[in-house]
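K.L.:
Sequence isn't available, so here's the structure alone:
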């Protein structure tokens, strides 16, 4: 075959309109070689050069779809449930049998016919897609048909076809109105009913409702067909041609599969089969004007919107089946379903198939087994990009723009600079309409698990911090003050704050500040509580100034680099503290490594009476009583009480406690992790798996508390105050502002208050930024200014009551969000539940802190909780908060060979050496923060957070903006943003302008091959 190459404007017109005739299951097809997708079918006979694929920028199909999909329509496209039924013969009887179904992925009826296959990605042959295209070109297409029943719809199709003889029309109608047998979980369900029907059908007409006269008037297609393939067709004298129920059956209404289908879903039915009375295929594609329930046509009672019918001559059943699978797969494709709903004529549907072919990826037949079922991906790419004009026109992103980075896009929720108190006003205006929903949305079973989880974390933190604070301040503030302050500050904040998902707690820098302040007061004869009150008042006023001047605007410069450095540090602190406390129990209850079983007879502990010469005055008073004591029978506590001495190798040995504490600690952590992932397992129904996952922490705690009670070992338990009174005797619940310190202290306290304000501001706002991340899909907005206002108010209130100061706790807040995440309930088979967002409400926080306040009265119950169990909860909080942090993922990349590294988006656009360099800078910054945290310099910790922002600014000189856009967020630059916005608006205006004859302009500039006839 000769071929000639033409370039530039010398392309002859006959090449521009050259066509090839292609023969398929649905008849001949004329393929225009100007369509890039059709070149695939021409490869075998013509061996054409494929440069045209890269030269064509705007295909006719894309141009057509641009106008279809850009039409303004407020109604979203419903989800489509697609069912494919194939025509089957049972003796002389015909019936439609369900063979496959789609919601998003394909499920087939297994060969045994007793169960559904696992959901899998549909694999289609390219041949079937081209044949489907031909079917739609040559068959009947009815759009927006007014249909109310299947017989009426079939009649309309027959009228539209027109070329069919009355005899064939009657037979086609008869076939299409046969009963539909749907796949059920219990195949025996059909046995009794169908056995009776099949046995009676041997003496009656195939149509169950026919009269006995049918037997005398059967129509035979021809004697050449084998008797086993013959089907007898009734005449019009039959009572009824319809064998389909007009209303859904009881089995359809009770079908549990409805839980997997969204409420507003509609159905598309695909009917394919071979018959013995047709010489050429009968094809029809119908879109109803309104979705209509067509009785027993569909497995589930979902109204039908689309019908695709393919009946053809015998011998091509496999080809018909593949065409049916092709149209069914297209109907559940997000883009094609939009096209099917909005198509105005046949050509729009053809354009939809052409676009689908443009996106199809061909797998070489020799390099994979077509019988393998591809598992559904864990994360399905959104179809929004395919629906965009750029994608349809095959225009990629410009070099240097990263789709995954934060870019320069302004976030509406980020604080902006306004007039005096403008930011606070907008926060109140934004949050006020959501106040009722913040209450009633909290009444959900998921909230119970979240309350129990966060409550145990809060009381453990309150006890730990209260104990350390009591040691640092000589019990001016202790566990009781910590409990009361946590309850008061947390409840008020959750009631009135801008972001109630934030959990308030005391932090390490505040503890160090309190310790230094107490030592300064003690050394300079200044009353500690009064000085602390004035520092709290000044800090409150400074917070008010920051709120009024919209100082929260500074957090726009806190990019992912700063956020991840701060959150990683807090997470590692939680992890290290949990491990340290666990190791401490080994020191308190050491393991006896010198124990030797052979010398067990020598292990003993005796109580010896004290030497009379060493009697203390107290012992002399009870000397007479001591002389009558049998020292060998005293317990360990009594021996120590009366001044005796314990002698023996086993006196300091407490058996099993160290090991048991470790079992409780690690068991709680590992069981929580396992149960949290249980919702992704294959066991039990979906709702039960989700319930177990939601209550994983509570179940783990109860399991190991029960184990500890069962063994009865004296493991360290949770100690809660039992009396409502200040820890230090002699101090009241109110601190007076005057009378104990000189007047200049009231003014000079402004200086340390400034340091506290910086500490509070940075800690609060960084935690708020992490909570309000876009990844959490919060819908009710944030309130940076309102949050800071209430933190300042609570500082003053806690100072007057002598309670600790509170600020946002990063790790506990992240755990709070994680426990309230919502996922889609009706996910398609094989599809992972979609993350919908977080249950934003105020009730969980309010209940957590209310329970903390009444924990004094719960002491008889809380005393049974072992401390190692709570250390395990702390460990889980720290580890769980690291998930989803890109910094942690990049640290793990350093230990992976390149071929085993995950397919992260930034690895596709940034060289690996630069990724490792960026990670190394973050590790160094984290190490510096860790060292500062471990010394008395921890008080300047907030200043070091500002230092991270400076380091991030310096990275602009080392990394390109393209690399930073993928690894981090770009810093806001006003002038650059304005220029880019102007460019974008200019491009959009240019795109809206009509272009003159694009196809002719492209042909002038293209070079391609034109096949010539010999």
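P.N.:
That came through fine. What you are looking at is a predicted structure, and each value in this text was computed from that prediction instead of being measured. Residues are numbered from 1 along each chain as shown.

K.L.:
tell me which element the closest residue to residue 853 other than its chain neighbours is part of?
P.N.:
Nearest residue to residue 853 in three dimensions, chain neighbours excluded: residue 487, at 3.1 Å (Cβ to Cβ, 6 or more residues apart in numbering). Where C-beta positions appear, they are placed from N, C-alpha and C, glycine not excepted. According to DSSP states H and E, residue 487 maps onto helix 479-496.

K.L.:
List the buried residues of that helix.
P.N.:
Within helix 479-496, the residues that count as buried by 16 or more other Cβ atoms under 10 Å are 479-494, 496.

K.L.:
ditto for stretch 158-172
P.N.:
Result for stretch 158-172 [16+ other Cβ under 10 Å]: buried residues 158, 161, 164, 168, 169, 170, 171, 172.

K.L.:
Same check on stretch 897-904?
P.N.:
Neighbour-count burial for stretch 897-904, counted by 16+ other Cβ under 10 Å, picks out residue 904.

K.L.:
Pull the residues that contact it.
P.N.:
Residues from elsewhere that reach stretch 897-904 (Cβ atoms under 8 Å, 6 or more residues apart in numbering): 889, 893, 907, 912.

K.L.:
among the buried residues of stretch 158-172, which are in strands?
P.N.:
For the buried residues of stretch 158-172, not one is inside strands, with DSSP state E as the criterion.

K.L.:
How about the spatially most central residue of the chain: what's its closest non-neighbour residue?
P.N.:
The residue lying closest to the centre of the chain (Cα atoms, centre = their mean) is residue 835, at 3.2 Å. Excluding the flanking residues, the one nearest residue 835 by Cβ to Cβ, 6+ apart is residue 823, at 5.9 Å.

K.L.:
Just to check, that neighbour is in contact with residue 837?
P.N.:
No - counting by Cβ atoms under 8 Å, residue 823 does not reach residue 837; the two are 9.5 Å apart.

K.L.:
ok so, going back, can I get the buried residues of stretch 158-172 in CSV with pLDDT and distance to residue 142?
P.N.:
Shown next, in CSV, are those (pLDDT from 0 to 100; distance: Cβ to Cβ, whole Å):
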residue, pLDDT, distance to residue 142
158, 77, 11
161, 69, 10
164, 73, 15
168, 84, 19
169, 84, 16
170, 86, 20
171, 86, 20
172, 87, 15
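
K.L.:
counting contacts, what elements does the one helix or strand residue 700 maps to pack onto?
P.N.:
Per DSSP H and E, residue 700 falls inside helix 696-711. Contacts defined by 3 or more Cβ pairs under 8 Å, 6 or more residues apart in numbering; DSSP states H and E place helix 696-711 against helix 445-472, helix 657-676, helix 867-882.

K.L.:
Buried deepest among those helices, which one?
P.N.:
helix 867-882 (a mean of 24; mean count of other Cβ atoms under 10 Å).

K.L.:
now that one and helix 657-676, what's the angle there?
P.N.:
Helix 867-882 and helix 657-676 are oriented at 40 degrees to each other (axes from the mean of the first three to the mean of the last three Cα atoms, to 10 degrees).

K.L.:
And helix 867-882, what does it pack against?
P.N.:
Short answer (3+ Cβ pairs under 8 Å, 6+ apart): helix 867-882 packs on helix 445-472, helix 560-588, helix 657-676, helix 696-711, helix 810-818.

K.L.:
avg pLDDT for that helix?
P.N.:
Regarding helix 867-882, the rounded mean pLDDT is 84.

K.L.:
for stretch 312-324, same thing?
P.N.:
Computed over stretch 312-324, the average pLDDT equals 90.

K.L.:
residue contacts, the nearest residue to residue 157 once chain neighbours are set aside?
P.N.:
Of all residues not flanking residue 157 in the chain, residue 284 sits nearest, at 4.7 Å (Cβ to Cβ, 6+ apart). Residue 284 makes contact with 139, 140, 141, 142, 157, 160, 161, 307, 308, 309, according to Cβ under 8 Å, 6+ apart.

K.L.:
of these, closest to residue 89?
P.N.:
The closest of the contacts of residue 284 to residue 89 turns out to be residue 309 (Cβ to Cβ; 18.0 Å).
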